[in-house]
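J.: What shape does this take:
(one chain, ligands or ions: 1)
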Amino acid sequence: MAVLRREKGQSPQGSRIAVSILIGILLGCVFAVFYPHGFFSSNLTVSHRRIANSNLQTGSSSCESPDRIKMVKADIVSISEKNAELKKQVRELNEKLQLAEQGQDHAQKQVLLLGKQQKAGSFGTVKGLRTNPTVVPDESVNPRLAKLLEEIAVRKELIVALANSNVKTMLEVWFTNIKKAGVRNYLVVALDDQIVDFCKSNDVPVYKRDPDSDIDSVARTGRKPCCFWIEVPYFEGILAAGLQCSSNPFDHLYRDSDVESMSDGHDNMTAYGFNDVFNDPAMGWARYAHTMRIWVYNSGFFYIRPTLPSIELLDRVAGRLSREPKSWDQAVFNEELFFPSHPGYDGLHAAKRTMDMFLFMNSKVLFKTVRKDPALKTLKPVIVHVNYHPDKLRRMQAVVEFYVNGKQDALDPFPDEWHFVAPGGGGISDFCDWLRSDWTSKDHEPGSSYFRARILLR
Ligand SMILES: *[C@@H]1O[C@H](CO)[C@@H](O)[C@H](O)[C@H]1NC(C)=O
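T.: Residues are numbered from 1 along each chain as shown. All right, here's what the predicted structure looks like:
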């Protein structure tokens, strides 16, 4: 019942509410017309403004004395000076920031140039970078050599042989056969004037350094090699000594590594590397330790690309040979090339490749294996390097007879190994004298062949 009553009495009450709402809306419209910025807030801001204005007026009127104005002006001057100083600092800092950003940008660009950043590919498809970019040549440093190389080199490559008058006959055998093999891009670096004349009279390209140049005096004293040797034009080169070409070695290079070298190894394992197990019985169950072994690269014949690791290698070898005059160049060459970085030592990060031991053959492979094997005997090597036999000249001539002139029994008179037989039955001291007369030992300048390789590289 009560509910019903309330419902009944709702209609007169509702109309009263509707009327009051209507009045409210009308009042709102009136206010909206006369006070468009709002009833309370507009009044407040206006009053605030009035107060602020009155304060300002009283302030300015109270400090119009000339002293006060001067002080304010001085304040303004000092503040603007401070401002200028800060602006200068900001500018300097901005410049520094810009330089740093440029440096970062250059580094990033170099990274991008060397190869865009990549995601690792799928299993088995990922290959690391072996082929380093070549250095930029600077022909202006040694224009005479640059011009010579321009004339001789083929695709910026050439064979370089070093010679002094002690090896005149060997040099003759060498260039006669290199010419026969159709190689045009070779150069003799003469160590004395006699070789210069000899080469010129035989129409062999020859280069001898200016004896007055800084480079030469550095090589003589063995000091500070790197500073000067950087400054010569580069060319890819092959160093060669005591060897024969029966075909063009440039047709048999991979050119994917910084150093591509002949091995002193005599079979697959020794030439290309193997896992050699070291036995220490005292360790009982753990008596076997595995070692990595490879026969050394022969520093008498290698192909080297003009890259930063290659140049670093030659610098390191030349540097060490000048600091340690008694060291053996081939040992140093291999140590620098192969020893990894370890605490206190930064190793060289050069890419290396061992040449095919039957194409780039050493004299142990030839005399101990190849000449006795009917199948191997038919192979045509590109290079034979008489490195295991100090009777170089006689064996070189026999190699030419065998491979170039086809004389099948030319190698037969030689034993596998070499025995020293001194005239009059001399002993070890004769052997040492003989060694000293060998052209490589006679070439006294420490690390000289590496210095010379370096000039050709850059
Ligand atoms: C040496 O390696 C080559 C190429 O991998 C292979 O053809 C040859 O049979 C190997 N020689 C020996 C004696 O294992």
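
J.: buried set for whichever strand or helix holds residue 322?
T.: Counting by DSSP states H and E, the element that carries residue 322 is helix 308-323. Neighbour counts over helix 308-323 (16 or more other Cβ atoms under 10 Å) mark 309-322 as buried. The way it works is simple: take the backbone N, C-alpha and C, and place the C-beta from them, glycine included.

J.: Same check on stretch 345-364?
T.: Neighbour-count burial for stretch 345-364, counted by 16+ other Cβ under 10 Å, picks out 348, 350-364.

J.: May I have the phi/psi pair for residue 360?
T.: phi -110, psi 90 (degrees, to the nearest 10).

J.: what about the strands in the stretch 51-200 of the chain?
T.: Secondary structure of the stretch 51-200 of the chain (DSSP state E, counting those that start in this stretch): strands located at 157-163, 186-190.

J.: mind putting the ones you listed in a markdown table, distance to residue 80, mean neighbour count and mean pLDDT included?
T.: Output for the strands of the stretch 51-200 of the chain, formatted as a markdown table (distance: least, Cβ to Cβ, whole Å; neighbours: other Cβ atoms under 10 Å; pLDDT from 0 to 100):
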| stretch | distance to residue 80 | mean neighbour count | mean pLDDT |
| --- | --- | --- | --- |
| strand 157-163 | 68 | 23 | 83 |
| strand 186-190 | 71 | 23 | 87 |
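
J.: As JSON lines, these with distance to residue 119 would be great.
T.: Shown next, in JSON lines, are the strands of the stretch 51-200 of the chain (distance: least, Cβ to Cβ, whole Å):
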{"stretch": "strand 157-163", "distance to residue 119": "36"}
{"stretch": "strand 186-190", "distance to residue 119": "45"}
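
J.: low-confidence ranges in the stretch 201-350 of the chain?
T.: By pLDDT under 70, the low-scoring segments of the stretch 201-350 of the chain are 211-246.

J.: those helices in it, which residues are they?
T.: Using DSSP state H, counting those that start in this stretch, the helices found in the stretch 201-350 of the chain span residues 214-221, 225-229, 268-272, 308-323, 329-338.

J.: of all these, which lies closest to residue 368?
T.: Evaluated over these, closeness to residue 368 peaks at helix 268-272, with 11.8 Å, by Cβ to Cβ.

J.: Correct me if wrong, but residue 361 is in a helix.
T.: No: per DSSP: H, G, I helix; E, B strand; the rest coil, residue 361 lies outside any helix segment and is strand.

J.: how deep is the nearest residue to it once chain neighbours are set aside tucked in, by neighbour count?
T.: Leaving aside its sequence neighbours, residue 361 sits nearest to residue 381 (Cβ to Cβ, 6 or more residues apart in numbering; 4.3 Å). Residues lying near residue 381 (other Cβ atoms under 10 Å) number 26.

J.: Let's verify residue 381: helix, strand, or coil?
T.: Residue 381 - assigned by three-state DSSP - is coil.

J.: Ramachandran angles for it?
T.: According to degrees, to the nearest 10, residue 381 has phi -70, psi 160.

J.: about what we covered before: a markdown table for the helices of the stretch 201-350 of the chain, including distance to residue 139?
T.: Putting these into a markdown table (distance: least, Cβ to Cβ, whole Å) gives the following:
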| stretch | distance to residue 139 |
| --- | --- |
| helix 214-221 | 16 |
| helix 225-229 | 15 |
| helix 268-272 | 38 |
| helix 308-323 | 16 |
| helix 329-338 | 28 |
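
J.: quick revisit: nearest to residue 369, of the strands of the stretch 51-200 of the chain?
T.: strand 157-163 (25.9 Å).

J.: between the closest one and strand 186-190, how big is the angle?
T.: Put simply, strand 157-163 runs at 30 degrees to strand 186-190, going by axes from the mean of the first three to the mean of the last three Cα atoms, to 10 degrees.

J.: thinking again about what came up before, residue 273: which of the buried residues of stretch 345-364 is nearest?
T.: Distances from residue 273 to the buried residues of stretch 345-364, taken by Cβ to Cβ, are shortest for residue 354, at 7.9 Å.

J.: who's in contact with that closest one?
T.: By Cβ atoms under 8 Å, 6 or more residues apart in numbering, the contact set of residue 354 is 261, 263, 265, 271-273, 294, 297.

J.: Who is it paired with across the strands?
T.: With DSSP bridges applied, residue 354 shows beta-bridge pairing to residue 261.

J.: if I look at residue 153, how far off is residue 135?
T.: 16 Å (Cβ to Cβ, to the nearest Å).
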